[in-house]
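Student: Got a predicted structure plus its sequence, pasted below:
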Amino acid sequence: MIDLSGRVVLVTGAGGTIGAGIAARFEAAGALVVRHRGLADGDLRTSADRVVSNAFGVHGRLDAVVNNAGVQPVEPLPDMTTGQWQSVVDTNLTAPFAVTQAAARHQVSSITHIASIEGTHPAVGHAHYSASKAALIMHARAAALEYGPRGIRVNTVSPGLIARPGISEQWPEGVARWEAAAPLGRLGTPEDIGNACVFLASELASWITGHDLVVDGGVTSRPTW
């Protein structure tokens with residue numbers, strides 16, 4: 001087990017299914033986790049400095065940040081409004097940009113964005129979501145380039161379909177298709193994503209930056225033709 005005892009980690013969007021799983025895995029590794037739970041803490045585009053400073057102030061240090069907060073609405077591209085597009089970009093891309101800048105000012109050692117396999121494999125009704133996640137992957141690479149000389153590593157984790165309460169009842173055909181397509185034969189768990197984040201924040205990943213770690217049970221390895 002990776003030992004992060006004494007490290008302080010900020011997880012945004014920790015009130016959601018994936019965020020809670022990420023926070024739990026960091027805690028299991030011994031880290032002190034500051035949980036940003038979402039809307040109650042304000043718009044991260046404008047509150048990033050406050051959220052990061054508060055996280056630093058809780059324990060007097062901040063070692064890692066996981067930018068997990070995000071949204072995934074469904075809207076066909078022909079009917080999508082500029083406002084709907086902008087809302088997703090603001091939450092999924094601009095907010096992590098702001099948090100990254102704030103975290104770098106506190107000289108964290110690791111920043112991880114939660115992207116998605118839809119950043120490279122778009123889905124119908126998710127044009128805004130897929131575009132925001134593709135941009136988030138590139139933002140991490142650009143940040144890795146510019147912050148690397150300061151000893152700050154920036155990576156992304158791209159999940160596949162993650163289990164959540166009720167998903168099998170709400171989308172039975174989608175779950176069945178996923179399980180049939182994934183070489184490992186199952187949906188992911190929030191803890192699977194948390195394990196990847198813990199690894200990237202640890203010394204085991206000390207020479208890894210600008211990387212997109214795909215955690216999808218192998219589904220993107222399957223040919224589409």
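Tutor: In hand now; what should we look at? Numbers count the residues shown, from 1 in each chain.
Student: helix or strand right after the host helix or strand of residue 111?
Tutor: Assigned by DSSP states H and E, residue 111 falls within strand 110-114. Using DSSP H and E, the helix or strand that follows strand 110-114 towards the C-terminus is helix 127-147.
Student: Residue 10: how many residues sit nearby?
Tutor: Residue 10 has 30 neighbours, counted by other Cβ atoms under 10 Å. C-beta: built from backbone N, CA, C; applies to glycine.
Student: Tabulate the CA atom coordinates of the longest strand anywhere in the chain in CSV.
Tutor: Across the chain, the strand with the greatest residue count (assigned by DSSP state E) is strand 153-159. Extracted in CSV, the C-alpha atoms of strand 153-159 (Å, rounded to 0.1, in the frame of the first residue of the first chain):
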residue,chain,number,x,y,z
ARG,A,153,3.7,17.5,-11.7
VAL,A,154,0.4,17.7,-13.6
ASN,A,155,-1.4,14.7,-15.0
THR,A,156,-4.9,13.5,-15.9
VAL,A,157,-6.9,10.3,-15.1
SER,A,158,-9.5,9.4,-17.7
PRO,A,159,-12.1,7.1,-16.3
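Student: And that strand, how far out from the chain middle?
Tutor: A distance of 7 Å separates the centroid of the chain from that of strand 153-159, by Cα atoms, centre = their mean, to the nearest Å.
Student: try stretch 131-141
Tutor: The answer for stretch 131-141 is 11 Å, by Cα atoms, centre = their mean.
Student: Equivalent analysis for stretch 163-182, please.
Tutor: 21 Å.
Student: Which strand or helix spans residue 173?
Tutor: Per DSSP H and E, residue 173 falls inside helix 172-181.
Student: Low-confidence regions, the protein specifically.
Tutor: Applying pLDDT under 70 to the chain picks out residues 38-41.
Student: try it again with 50
Tutor: 40 (pLDDT under 50).
Student: What segments of the chain are helices?
Tutor: All helices of the chain, identified by DSSP state H, fall at 17-28, 44-59, 82-89, 95-105, 127-147, 167-170, 172-181, 190-201.
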